[in-house]
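Visitor: Sequence first, then the predicted structure:
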Amino acid sequence: MADLEIRGLTVEADGTEILRGVDLDLNQGQTIALMGPNGSGKSTLAYAIAGHPAYEVTGGTMTWKGTELNELTPDERARLGVFLAMQYPVEVPGVSLTNFLRTAVNAVREEDVPVREFMQSLRAEMAELDVDDSFLQRSVNEGFSGGEKKRFEILQAALLRPQLAVLDETDSGLDVDALKTVAQGVNRLSGPDLGVLIITHYTRILRYITPDEVHVMFEGRIVASGGPELADELEAGGYEGIRAAHAAGV
Amino acid sequence: MTTLTTLSEAALTGASDAAGEPTWLRDRRLAAYKRTLDLAWPDSRVDEFWRSTPFAQRIDVERDIVTTGGSDSPASFTADLDLEVATARIVDGALVEVTVPSALVAQGVVVTDLSTAAAEHADLVEPALGSLTSSDTEGTGAGADRTITVNDAAWTAGVFIHVPAEVEVDAPIVMQIHAATGGAHLPRVLAVLGHHARASLYLEHTSEPDTDALVDEVVEVTAHDAAILDVVSFQRWGDHVDHLALQKVQAHRDSQVRHLSVTVGGRTVRLLPETDLVGPGAETRPLGLYFADDGQWFDLQPYVRHLAPRATSNVLFKGALQGRSRTVFRGNVFVHKDAVGTDTDENNRSLILTEGARADATPFLEIECSDIVAGHGSATGQIDALQLYYLTSRGITRDEALRLIVTGFFREVFADVDLPGVEDAAMSEIDARVAAADLASFQINDASLKDHHDE
Ligand SMILES: Nc1ncnc2c1ncn2[C@@H]1O[C@H](COP(=O)(O)OP(=O)(O)OP(=O)(O)O)[C@@H](O)[C@H]1O
Ligand SMILES: [Mg+2]
């Protein structure tokens, strides 16, 4: 049994069925890329894994090391090691980045990490990700540029040390240098204990982070799977082939 | 015993003489008393500025005026700060203690009993006392209301503060006003900052948990040219205190005034932080935060009068409500026809935490001059589901996330406030209220969950 095992998952948002039976396996130590056209349901899958309240699981199963995720609240999932780097991170006015991260780290580690130790690791990770010290007192995501938000998502992952990291278009909106910094950040987290599900439209991030498998989502289902070469084919030929096959009912 | 409705010339004369007040002050009290005879108590059905608080239902004026004094009162929140603060302590209608660090005395700073000051510093006190309350010039709003006139006539515990020209006081000047005995309390504060002076005045209002009292307070402050003034008013009353307060500042040329109110306690609090911008280039920043719980009624009426050119005002009040509580924000800005180049903005934000609470907001702008920049806004909302989700998705429990969001909501008020101890003291009041709240009953607004991004 895979560490993350998704079977026949169906998900609705606002009364509309979006995922129509998704199967996916992911193990710790493994990196999987999920691609697919806009609106195919990639973020929906990511949110379903991370317990977003707007996405209702209507059928199927989704287990992490044997535990059914759908029965857990979002914070319980996070404490189990699930992390979602969001496509659109949320602004939380008045909550400082430092206060937020410290509260989250204490919650996930289920212990009160001494302030000194926490600040040390925070500053170290910030330096690695090229995040300026002036962010420490800023409110979570408030007024951050698109790229800064993405970088901050990875900073959170670095501090929370998840076992399953779902990265939803973390590469979008990043300039070339930032992309490299962020990719290196992800690679530093990688290891035998981390499973990565990376959702992307572009192969450029896959040059830094090599996926073991590539899956393609279309209209709420995974319709194609392969190795890293599949990503290159899609980049060259687009989703036309998949659309055509689907229209022909293959 | 005298109540607010049975004042008499004889009683006022007797009290004034006993306090050693000069004749001019006694005469002024008697003149104010005569005015009260011509005035009815406010009628919320007809008085514009009382629409927002039902006077007859909530305010009981038939109470004995408390003058007994007392010794005990809670420690000031500034006690934990490593600062040499000047303190004036009013307990049960009497000024019981004044401490002024010798360094301040040497600089000529005065903090003393108002009756004594009326005799000893008549040159300063006589022109200032009552000059901001009894006026009835245009746009003065609450000026002539009986709740204020009655204080003009019968105030019992008075503090006078003088910061001479060009003297800068770093540590706050703290006034603790404590009610232990039930009845009517009539505190009075008069402060004068000379030109280029700088000072922070903290007013800390407290009571015993079961004290049933009406506190009818008047604070008048004059900030002369280029003075820098902060007034901070903490309302930490118990559940049975009704507090009516006029805290009015006159701001002269290029002075910078900030008023910060923190209202968490009290059964009824009707607070009027007012600024008359009488000199060109003067600035005022009325800030407020409040947390209203079951049974509480807060009526917050910042009032700014732009009476001179190129003055600036920027009002920001933020409140959270739960239980059957009620808050009213009535922000008034008046711009005189000569006040060209005025820049004014007022904003109010309310966070409704549970069902049954009600927040009303009415920003009023009365503008006689067209050459100005004016803005205002208000919004009432609930905790945002998407913010809550984001925090919990990082392992933070729902309860902890709610606390972060509610305290975060208030932080904006302190964006450019750097006053010793104030933010911590205010936020710990808010924290305590959120910690005691029934977080399970908080209403969450999930509208934000639906605005997914379609690209
Ligand atoms: N909260 C929601 N309410 C209603 N419909 C939604 C909601 N979230 C997503 N949808 C719809 O579900 C479909 C899939 O959306 P999703 O965000 O999962 O796509 P995606 O594959 O991540 O697309 P993109 O590549 O643009 O990020 C879209 O048609 C979208 O409009
Ligand atoms: Mg998406």
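Guide: Great, that's in hand. Ligands and ions are numbered 1, 2, ... in the order given.
Visitor: tell me the contacts of the residue in chain A that chain B sits nearest to?
Guide: Among all residues of chain A, residue A:94 sits closest to chain B, at 2.9 Å; criterion: C-beta to the nearest C-beta. No exception for glycine: its C-beta is placed from N, CA and C like everyone else's. Taking C-beta atoms under 8 Å, 6 or more residues apart in numbering or on different chains, we find residue A:94 in contact with A:139, B:407, B:408, B:409, B:410, B:411, B:412.
Visitor: Just send those back as TSV, with pLDDT, neighbour count and distance to ligand 1 too.
Guide: Below are these laid out as TSV (pLDDT from 0 to 100; neighbours: other C-beta atoms under 10 Å in any protein chain shown; distance: C-beta to the nearest ligand atom, whole Å):
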residue	pLDDT	neighbour count	distance to ligand 1
A:139	97	20	25
B:407	95	19	28
B:408	96	21	24
B:409	97	24	25
B:410	97	23	30
B:411	94	19	29
B:412	92	16	28
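Visitor: Mind checking which of these are in strands?
Guide: Taking DSSP state E, the ones among those that sit in strands are residue A:139.
Visitor: Which residues does residue B:199 form beta bridges with?
Guide: Here residue B:199 sits in beta bridges with residue B:229, as judged by DSSP bridges.
Visitor: distance of it from ligand 2?
Guide: 56 Å (C-beta to the ion, to the nearest Å).
Visitor: Just give the number of residues close to that residue.
Guide: The local packing of residue B:199 (other C-beta atoms under 10 Å in any protein chain shown) involves 26 other residues.
Visitor: now it: how far from residue B:279?
Guide: 18 Å (C-beta to C-beta, to the nearest Å).
Visitor: cool, residue A:136 as well?
Guide: Counting by C-beta to C-beta, the gap from residue A:136 to residue B:279 is 40 Å.
Visitor: ok, those two, which is more surrounded?
Guide: Neighbour totals were compared for residue A:136 and residue B:279, and residue B:279 leads with 21 against 16 (other C-beta under 10 Å).
Visitor: and that one, what does it touch?
Guide: The contact partners of residue B:279, by C-beta under 8 Å, 6+ apart, come to B:225, B:251, B:252, B:253, B:254, B:255, B:308, B:311.
Visitor: Leaving out the residues flanking it, which one is nearest to the second one?
Guide: Spelled out, that is residue B:251. Spatial nearest neighbour of residue B:251, chain neighbours left out: residue B:282 (4.0 Å); criterion: C-beta to C-beta, 6 or more residues apart in numbering or on different chains.
Visitor: Could you verify my assumption that that neighbour touches residue B:254?
Guide: Yes - using C-beta atoms under 8 Å, residue B:282 makes contact with residue B:254 at a distance of 6.4 Å.
Visitor: Neighbour count: the two, which is higher?
Guide: The neighbour comparison of residue B:282 against residue B:254 (other C-beta under 10 Å) goes to residue B:282, with 30 against 20.
Visitor: how close does the more buried one sit to ligand 2?
Guide: Computed as C-beta to the ion, the residue B:282 to ligand 2 distance reads 52 Å.
Visitor: Appreciated, that's everything.
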